[in-house]
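The sequence isn't on hand, but the structure is:
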C-alpha cells in the first residue's frame, strides 16, 4: 500500500450505538470519510441509497460476489447480505482519505485481516444484553421477531470482542464518544 490513509473499522451487535459513534467520529476533524457498504435489506427510516448504503437486490449482490467485487461480505441474516465493495474502498484510498467502516462483526474482522496494521478494528459493546434489547425496542425500526433475532445474534457476536484491537463499552454515550475519539486520534497520529 502507498502512503494512503488509514482505516477505522467499527463493529458491534445491532443496537450497541455503533452508528451513533461513527457519526460522532465523522463530525470531528479527523479527515475521515465513510465507506458506504452494500446490503440487500430494505432502507430504514430516512436512509438514502449511495449515502447510507448501496441497496442491492439479492441477485445483484450475488452477482457481485461472483465477480469478486467485495473486500468482505456476509449473509448476516437469512437472505440479508452486507458487504464492502473493493471499488468503494480503493477510490477513497486513492484519494488519500482516512476511511471509516460501520460493519458487522465478522465483516470487521475480515477487513482487519485484509488491511492488517493499516486498520484499527474497534468493537463497540453494549453494557449488557438487556440494555441492548431495550435500545432495539426503543429504536422502533424493527418488528419483535427481528429484535429477538438480533438479540440472539448479539450473544454470538460478543464472543468475538477480544479479537478486535480495542473494545469500547457504550454504557454512557458521552464517555464512549471520548473513548473512541482518543483511540482513533492516537491511531491516526501513529
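Yep, that arrived. Please read all numbers here as calculations on a predicted model, not as lab measurements.

what ranges do the strands span in this structure?
Assigned by DSSP state E, the chain shows strands spanning 7-11, 32-34, 37-39, 53-55, 70-77, 80-85, 98-103, 119-125, 166-169.

now what about the helix ranked longest in the chain, what contacts it?
Longest among the helix segments of the chain by residue count, using DSSP state H, is helix 173-189. Under the criterion C-beta atoms under 8 Å, 6 or more residues apart in numbering, residues 6, 8, 10, 17, 20-21, 24-25, 28, 30, 98, 120, 122, 124, 166, 168-170 lie in contact with helix 173-189. The way it works is simple: take the backbone N, C-alpha and C, and place the C-beta from them, glycine included.

Make CSV from the strands of the chain and add mean pLDDT, mean neighbour count and distance to residue 109 to it.
Putting the strands of the chain into CSV (pLDDT from 0 to 100; neighbours: other C-beta atoms under 10 Å; distance: least, C-beta to C-beta, whole Å) gives the following:
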stretch, mean pLDDT, mean neighbour count, distance to residue 109
strand 7-11, 95, 25, 8
strand 32-34, 90, 18, 20
strand 37-39, 93, 21, 15
strand 53-55, 95, 18, 20
strand 70-77, 89, 20, 9
strand 80-85, 93, 22, 12
strand 98-103, 91, 24, 9
strand 119-125, 97, 24, 7
strand 166-169, 96, 18, 13
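
and the longest helix of the chain, what's its mean pLDDT?
For helix 173-189, mean pLDDT is 95.

could you give the angle of it to strand 98-103?
Interaxial angle, helix 173-189 versus strand 98-103 (axes from the mean of the first three to the mean of the last three C-alpha atoms, to 10 degrees): 130 degrees.

buried residues in helix 173-189?
176-177, 179-180, 183-184, 187 (16 or more other C-beta atoms under 10 Å).

same question, stretch 103-116
For stretch 103-116, by 16+ other C-beta under 10 Å, it's 103-112, 115.
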